[in-house]
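Trainee: based on what follows, work out the 3D shape:
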Amino acid sequence: MRKIVVIGGVAGGMSAATRLRRLDEQASITVVERSGHVSFANCGLPYHLGGVIEKRSSLLLQTPESLAARFAIDVRVHHEARVIDRENRRVVVRDLTTDETDELEYDALVLSPGARPVVPPLPGIAVADTLRDIEDLDHLMASVQDVSSAVVVGGGFIGVEVAENLVHRGVAVTLVEATDQVMAPLDLEMVEPVHEAMRAAGVDLALGVSVARIEPASVAATTLEDGTVATAVGQPVVHLSDGRAVPTGLVVAAIGVRPERALAEEAGLEIGPHGGILVDEQLRTSDPAIFAVGDAVEKRDALDGSSVLVPLANTANRQGRVVADVIAGRPGRDRPVLGTAIIEVFGLAAASVGWTEKRLRAAGRAHRVIHTHPGSHAGYYPGAETMALKLLVDPVTDAILGAQAVGRDGADKRIDVIATAMTAGLTAGDLADLELAYAPQFGAAKDPVNMLGWVARTLADGDVETVQWHELDAVRAAGATLLDVRSPAEHAARPIPGAVNVPVDELRARLAELPAGPLVVHCEVGLRGYVASRLLAQHGREVRNLDGGHRTWRAGAAAVSGRG
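Mentor: Numbers count the residues shown, from 1 in each chain. As a prediction, this is how the structure comes out:
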């Protein structure tokens, strides 16, 4: 009988354990979990905080009892693995309730310790709550009672979700983020609608600043006339790097996570360049009897094969299944990661896959950028919502390098299609030929994904050249004239300062009025600008289209200026 020990439950560990049981009825399978819950929906934790998920019990997917009954798995909660004895293939485990220790023998060991919240060594940081597991949630739920204000430190997925759900509870929230934006998987112009939605809901975004220190709550004692002493407790004060002092009833640290690697490191297992456990394609560590999965391990990036940290639940679940197959003697191989992710913020979905433009620029990798602003479905059918799409393309191979989608409807569908295309190795131009489901309430005859493909082909064929929103000032400084081809009313309502306005439908008749020299044309979202560019190019003019039009430029300019 094979003995298999899994350290850590939740996504990766429990996927491995239950899959192993389905493959091997005779194996001895033991799961060791430090917390009191071995299978819970950690991605749902913020939504119980805000009351969206009303019942705490809804987050508890399996219990030790249910796993024992269905899968004959020995699940030991409140147990901590302390030492891995690789030579004798044993794990020393401590019962956190009784303080007793035990040794578990193994033929195969699976490490799934997950990741721990980053808590920087700031003065006063001990007062901050974190949100990683059910115990954290319970503590946070107790802390938030009767609180009217909160400071959330960190603008990643957890920080944004916690901020939103605190607002749902009626709490005034200040979100502090050291960079100039929330949600790093989005580029600046794409994240600006998220900033706008958060500010509109009342969140005070403190971007580009950090927490310097947290002043603990003060206690004042006053002696009353009858000789009794009354005490008053003040609020903690969060001091920011820009000099602001923010009194608050609650501080939540959501700065990010780091792989839980201590046990593996102490056992002498190899650690990767980013601090995660190093594994091969079959998820073996440097010890062939020990495997590792989930947030604790380093993954391979799908674009360049580099080692990356991608703490996503679907990746952890898949790795758990793969490692079970490998241990059971079946073929199994981990796949590179694209980092496909999505979040909803006050009704606005923001999704991404692959690399961002800022990452491509930092890496010095050549790329082509495409912005569009299509409707979520046919415009003549009621309820269509405009979304923002961004596609990043290799200008030589036409490979899709990344994509982003932001909107109130349809963003999830489009990013999933593009992620599937990237996995299948389709090019940007291939998107034009995808046969996607169409009815007017679901999409358009030319789906937004198809349109990205047509734009990619147009650029690849050289039918039009584009200028990005962040390049416009430099291009104009070099002598180009900005030509607004929208209607006079649109130009008057939302101009780009200094632009010349000639509507696209009047362009042929007014060619002689146009200034000499290179032109950059723009409309609202780029389509009329493309039509104008083709017209002008065939009349011998040097012309480029402002990619994504005024809407993309406006979002980028607002993000840079901090106007929101």
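
Trainee: so residue 334 sits right up against residue 321, yeah?
Mentor: No - contact status for residue 334 versus residue 321: not in contact, 10.3 Å apart, counting by C-beta atoms under 8 Å. Yep, even glycine has a C-beta here, placed from its N, CA and C like the rest.

Trainee: tell me the pLDDT at residue 230?
Mentor: Turning to residue 230, the model gives it a pLDDT of 47.

Trainee: how much space between residue 148 and residue 129?
Mentor: Using C-beta to C-beta, to the nearest Å, we find residue 148 at a distance of 16 Å from residue 129.

Trainee: just residue 23 next, same as before
Mentor: Taken as C-beta to C-beta, the span from residue 23 to residue 129 is 40 Å.

Trainee: of the two, which one has the most company?
Mentor: residue 129 (21 against 14; other C-beta atoms under 10 Å).

Trainee: contact partners for that one?
Mentor: Contacts here follow C-beta atoms under 8 Å, 6 or more residues apart in numbering; on that basis residue 129 touches 136, 139-140, 143, 250-253.

Trainee: tell me how many other residues surround the residue nearest to residue 373 when sequence neighbours are not counted.
Mentor: Distance criterion C-beta to C-beta, 6 or more residues apart in numbering; nearest residue to residue 373, sequence neighbours excluded, is residue 525 at 4.0 Å. Neighbour count for residue 525, taken as other C-beta under 10 Å: 20.

Trainee: again with residue 30
Mentor: Residue 30 has 20 neighbouring residues, counting by other C-beta under 10 Å.

Trainee: ok, residue 382 next?
Mentor: 9.

Trainee: so residue 76, which state does it fall into?
Mentor: Secondary structure state of residue 76, per DSSP: H, G, I helix; E, B strand; the rest coil, is strand.

Trainee: can you tell me, leaving aside adjacent residues, what's nearest to it?
Mentor: Counting by C-beta to C-beta, 6+ apart, the residue nearest residue 76 is residue 32, at 5.3 Å.

Trainee: and whichever helix or strand the one you found is part of, average pLDDT?
Mentor: Assigned by DSSP states H and E, residue 32 belongs to strand 28-33. Here strand 28-33 scores 96 as its mean pLDDT.

Trainee: that one pairs with which strands?
Mentor: If you go by DSSP bridges, strand 28-33 pairs up with strand 3-7 (parallel), strand 74-77 (parallel).

Trainee: ranking those by burial, who's on top?
Mentor: Across the strands paired with strand 28-33, averaging neighbours per residue (mean count of other C-beta atoms under 10 Å) puts strand 3-7 on top, at a mean of 25.

Trainee: C-alpha coordinates for that one, CSV please?
Mentor: Presented in CSV, the C-alpha positions along strand 3-7 are these (Å, rounded to 0.1, in the frame of the first residue of the first chain):
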residue,chain,number,x,y,z
LYS,A,3,1.6,6.1,1.5
ILE,A,4,0.9,9.6,0.2
VAL,A,5,1.0,12.7,2.4
VAL,A,6,-0.3,16.0,1.3
ILE,A,7,0.8,19.1,3.2
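
Trainee: what is the subsequent helix or strand relative to it?
Mentor: Strand 3-7 is succeeded, C-terminally, by helix 10-23 (DSSP H and E).

Trainee: next SSE downstream of the worst-scoring helix or strand of the chain on mean pLDDT?
Mentor: Here the helix or strand of the chain ranked lowest by mean pLDDT, DSSP states H and E is strand 229-233, holding a mean of 47. Scanning forward in sequence from strand 229-233 by DSSP H and E, the next helix or strand is strand 237-240.

Trainee: quick one: list the elements packing against the helix or strand that that following strand is followed by.
Mentor: Using DSSP H and E, the helix or strand that follows strand 237-240 in sequence is strand 245-247. The helices and strands touching strand 245-247, judged by 3 or more C-beta pairs under 8 Å, 6 or more residues apart in numbering; DSSP states H and E, are strand 237-240.

Trainee: residues in contact with the strand it packs on?
Mentor: 151, 153, 174, 176, 206, 209-215, 245-248, 251.

Trainee: just the buried ones from those, in ChimeraX syntax?
Mentor: In ChimeraX syntax, the buried subset of the contacts of strand 237-240 is picked out as below (16 or more other C-beta atoms under 10 Å):
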select :151,153,174,176,206,209,210,211,212,214,215,246,248,251
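
Trainee: re the thing from before, from the contacts of residue 129, pick the one nearest residue 354.
Mentor: Proximity of these to residue 354 (C-beta to C-beta) peaks at residue 253, which lies at 28.9 Å.

Trainee: Provide the secondary structure category for residue 183.
Mentor: Three-state call for residue 183 (three-state DSSP): coil.

Trainee: quick check: closest non-adjacent residue to residue 332.
Mentor: residue 325 (3.6 Å).

Trainee: from start to finish, how long is stretch 289-302 in a straight line?
Mentor: Terminal residues of stretch 289-302 lie 27 Å apart, using C-alpha to C-alpha, to the nearest Å.
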